[in-house]
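**Student:** Model the structure of this input:
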Amino acid sequence: MKGRILDLRLAPAAIIAWLGALVLPALPLQWLPLIAALTLGGAAVLLLASYWRILSRIILAGALALGALGGVALAISQSARVIAADPLARAWQGQIDRVQAIALVETPPRKYDPASEQQITQLRLLSARLPDTPAVNTRVKVVAFGQHLPKYPRGTVVETVLQLKKPSRGREPNARESSQNLTTVISANSLLEISGRIIASPKVRAGPRGAAALKEKFATRLEEKLVAADSPAAATLLPAMILGIRADASENTEALKTAGIVHITCVSGMHISVLLSLVALLSVGLKRRWRLLAGAGLLVGYCLLLGPSPSLLRAAVMGMVSLLALARGKEPYSFSALEIAIIGLLIFEPGFASDTGFLLSVSATAAIVLAARPLEEKLHRAIATVKRQGSGRTPRLLRQYSALFRKFLEAFLSVCAVSLVAQLACLPGQLLIRPGINTLTVLANVAIAPVVTLLIWGGACLTFLPLPGTFLTKILGIGCTWVMTVARAVASNRFAILPWPAGAPGILALGIVGAGLTYIYRCYFPKRKINGNVKSWPQSK
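**Tutor:** Predicted coordinates for the structure are as follows:
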């Protein structure tokens, strides 16, 4: 199993690319082209050396690492140069009180706090006009806040007045610093992205076009069917699970966060895998090449339809690498696909390195690939050992289990293993967002796992196929009600959240506790073999 899945040849390149994307934006802008040239040149020399079989494996890993770092440096340099040439960036002087802008809506407005009317949206400016200046073309992205904003779909062009603020990361420039230093500061804040506040009611200039218009059509179709079914739970979950349209913050969304199952509303690798399995079922009987093309078409079309979110792009790149491997008649290497996805996406958008969603997605995927399968196998062996070595009434009952129940038990253990390793891997990233540790996440995921797959299948058919869907919508409403019932039941438990500090202190404390538990486990519970195959642990010393 390890030979098929674990391939660490690209791991140094992925780590170096991530570190480079975090560190390089803090360097002076004029250094970046030199760093890119030196690293890419060094990668070429090492590749030539590996061709002559001089420590080929080590040299090749070093060449890939240097190439990844050079690609990231080149991407950051190019993005920073674009910012430096941007008229709005050149006009930056501390805080700009009023900017009249025409902007493209990239994420629809939504509430992020149930106790507040404040809404958040992401805009890409098309043109901006500063006080007493003519309008200029710009490419700056703005994370904008406002109140009582209409539900503009993605792709809508609006006209509004913004109050822009300084980027929160990096060294803040003063009035005497050049635009190059300003570029460095802005690029450290996820490249071409600053924050602002909407201080005038937006006016619609044009509706969505292309893929955004198609997404709005599908969203309207799904909304009409959900209204007919009259299921509040389905109205909250299905648009987010299928189209990535997340609902406003409410008691339901807070319950999902507390229960640790809010990830089902964020389109990621799980959703892609389930949709690929649906395509595989629908394409049964076709030749292998057409089935692979159908899967590739789903990945490309789904990304274009939903927009480039970090978790979706990571899952799509991994899926595409796996499909290419299958097309060549090879078994896909899951960890290699993850490494390729990390390197490619960080070169495409270095700002993903500081995105918490991307970190959580990569952490969960890596844990599932590396640890879930070994844990599953250990659990299955434990069940088999109990069946062979047990005595009394229990073994007789175990022998009477049907094949169907054994499969159900194996599936149950698999879900437990995947949920456990994913939660443990995501704990450090979650502490960067909010304090506390979810204690009942594994149980909640086990309870909803069978339902979620059916919800994604049914929701996709309901959204993308011209079906009447009344009966199907009611069935999906029952499934969504079950998910929300589990979330509210877990959230109402006072032990659902273990108090824990957030940020670096919380991560440090978590590491200390983990190291202590590992030490206790290894010192006081050593493994012993009995009869060569059965393992047990003695009493604590």
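**Student:** Of all residues in the protein, which one is nearest the centre?
**Tutor:** Within the chain, the residue whose C-alpha comes closest to the C-alpha centroid is Ser311; the distance, by C-alpha atoms, centre = their mean, is 2.7 Å.
**Student:** Run through the residues that contact it.
**Tutor:** The contact partners of Ser311, taken as C-beta atoms under 8 Å, 6 or more residues apart in numbering, are Cys266, Val267, Ser268, Gly269, Gly357, Phe358, Leu360, Ser361. Quick note: C-beta positions are derived from backbone N, CA and C, even for glycine.
**Student:** Could you report the neighbour count for the second one?
**Tutor:** In other words, Val267. Other residues within reach of Val267 by the criterion other C-beta atoms under 10 Å amount to 26.
**Student:** okay, and the helix or strand of the chain with the least pLDDT?
**Tutor:** helix 179-188 (a mean of 35; mean pLDDT, DSSP states H and E).
**Student:** Could you list the low-confidence segments of this protein?
**Tutor:** Per-residue confidence of the chain (counting by pLDDT under 70) places the weak regions at 1-7, 50-56, 84, 89-97, 166-193, 329-333, 383-409, 469, 524-541.
**Student:** hang on, the earlier thing: just the contacts of Ser311 now: which is nearest Ala37?
**Tutor:** Within the contacts of Ser311, the smallest distance to Ala37 is 27.6 Å, found for Phe358 (C-beta to C-beta).
**Student:** That closest one and Pro350 touch, don't they?
**Tutor:** No. In terms of C-beta atoms under 8 Å, Phe358 does not count as a neighbour of Pro350; the distance is 11.1 Å.
**Student:** higher neighbour count, the two?
**Tutor:** More neighbours surround Pro350 than the other of Phe358 and Pro350, with 26 against 23 (other C-beta under 10 Å).
**Student:** Next, the contact list for the more buried one, please.
**Tutor:** Neighbour list for Pro350: Gly20, Ala21, Leu24, Pro25, Val72, Ala75, Ile76, Ser79, Leu191 [criterion: C-beta under 8 Å, 6+ apart].
**Student:** which residues does the residue nearest to the fifth one when sequence neighbours are not counted contact?
**Tutor:** Read it as Val72. The spatial neighbour of Val72 that comes closest, neighbours along the chain excluded (C-beta to C-beta, 6 or more residues apart in numbering), is Gly20 at 4.5 Å. With C-beta under 8 Å, 6+ apart as the criterion, the residues that contact Gly20 are Ala68, Leu69, Val72, Ala73, Leu346, Pro350.
**Student:** which of the residues you listed tops the neighbour count?
**Tutor:** Neighbour counts for the contacts of Gly20 were taken using other C-beta under 10 Å; the highest belongs to Val72, which has 30 neighbours.
**Student:** can you tell me the helix or strand for Val161?
**Tutor:** With secondary structure defined by DSSP states H and E, Val161 is part of strand 157-164.
**Student:** still on that earlier bit, so which of the contacts of Gly20 sit within helices?
**Tutor:** Judged by DSSP state H, helices contain the following of these: Ala68, Leu69, Val72, Ala73, Leu346.
**Student:** Tell me if I'm right that the first one and Ile16 touch.
**Tutor:** Meaning Ala68. Yes. Counting by C-beta under 8 Å, Ala68 sits close enough to Ile16 to count as a contact (5.7 Å).
**Student:** Against Ile343, how distant is Gln366?
**Tutor:** One thing to correct before we go on: residue 366 is Ala, not Gln. For Ala366, the distance to Ile343 equals 14 Å [C-beta to C-beta, to the nearest Å].
**Student:** Neighbour count for these two, which is higher?
**Tutor:** Neighbours were tallied for Ala366 and for Ile343 using other C-beta under 10 Å; the higher tally belongs to Ile343 (25 against 20).
**Student:** Give the full set of residues in contact with the more buried one.
**Tutor:** Here Ile343 is in contact with Leu10, Ala13, Ala14, Ala17, Ala68, Gly71 (C-beta under 8 Å, 6+ apart).
**Student:** give me the element it is part of.
**Tutor:** Per DSSP H and E, Ile343 falls inside helix 334-348.
**Student:** next helix or strand past that helix?
**Tutor:** Past helix 334-348, further along toward the C-terminus, the next helix or strand under DSSP H and E is helix 356-367.
**Student:** Give the other helices and strands that that following helix contacts.
**Tutor:** With contacts taken as 3 or more C-beta pairs under 8 Å, 6 or more residues apart in numbering; DSSP states H and E, helix 356-367 sits against helix 269-282, helix 310-327, helix 334-348, helix 403-433.
**Student:** 6 Å instead, please
**Tutor:** For helix 356-367, the contact count by 3 or more C-beta pairs under 6 Å, 6 or more residues apart in numbering; DSSP states H and E identifies helix 310-327, helix 403-433 as packing neighbours.
**Student:** Switch those over to JSON lines; also include distance to Tyr112.
**Tutor:** Listed next are the helices and strands packed on helix 356-367 as JSON lines, based on distance: least, C-beta to C-beta, whole Å:
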{"stretch": "helix 310-327", "distance to Tyr112": "18"}
{"stretch": "helix 403-433", "distance to Tyr112": "12"}
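**Student:** Return the most buried member of those helices.
**Tutor:** The highest average neighbour count among the helices and strands packed on helix 356-367, using mean count of other C-beta atoms under 10 Å, belongs to helix 310-327 at a mean of 21.
**Student:** Just want the angle from that helix to helix 269-282.
**Tutor:** Between the axes of helix 310-327 and helix 269-282, defined by axes from the mean of the first three to the mean of the last three C-alpha atoms, to 10 degrees, the angle is 40 degrees.
**Student:** ok, the closest residue to Leu256 other than its chain neighbours - how many residues close by?
**Tutor:** What sits nearest to Leu256 in space, not counting adjacent residues and going by C-beta to C-beta, 6+ apart, is Val262, at 4.2 Å. Residue crowding around Val262 was assessed by other C-beta under 10 Å; the count is 17.
**Student:** I figured Val262 hits Thr253, correct?
**Tutor:** No. Taking C-beta atoms under 6 Å as the definition, Val262 is not a contact partner of Thr253, at 7.1 Å.
**Student:** doesn't Val204 fall inside a strand?
**Tutor:** Yes. With DSSP: H, G, I helix; E, B strand; the rest coil as the criterion, Val204 is located in a strand.
**Student:** how far away is it from Leu125?
**Tutor:** Shown here: Val204 relative to Leu125, a distance of 16 Å by C-beta to C-beta.
**Student:** out of those two, which sits in the busier spot?
**Tutor:** More crowded of Val204 and Leu125, by other C-beta under 10 Å: Leu125, with 24 against 12.
**Student:** Report the secondary structure state of Ala115.
**Tutor:** Looking at Ala115 with three-state DSSP, the answer is coil.
**Student:** from now on call the first residue 742
**Tutor:** Taking 742 as the first residue, the last one we looked at is Ala856.
**Student:** Got the phi and psi for it?
**Tutor:** Phi and psi for Ala856, reported as degrees, to the nearest 10, are phi -90, psi 0.
**Student:** Burial check on it, number of neighbours?
**Tutor:** When neighbours are counted by other C-beta under 10 Å, Ala856 registers 8.
**Student:** So which of the contacts of Pro1091 belong to strands?
**Tutor:** The strands in this structure, assigned by DSSP state E, contain none of the contacts of Pro1091.
**Student:** Most neighbours among those residues, which one is it?
**Tutor:** So for the contacts of Pro1091 (other C-beta under 10 Å), the most neighbours sit at Val813, 30 neighbours.
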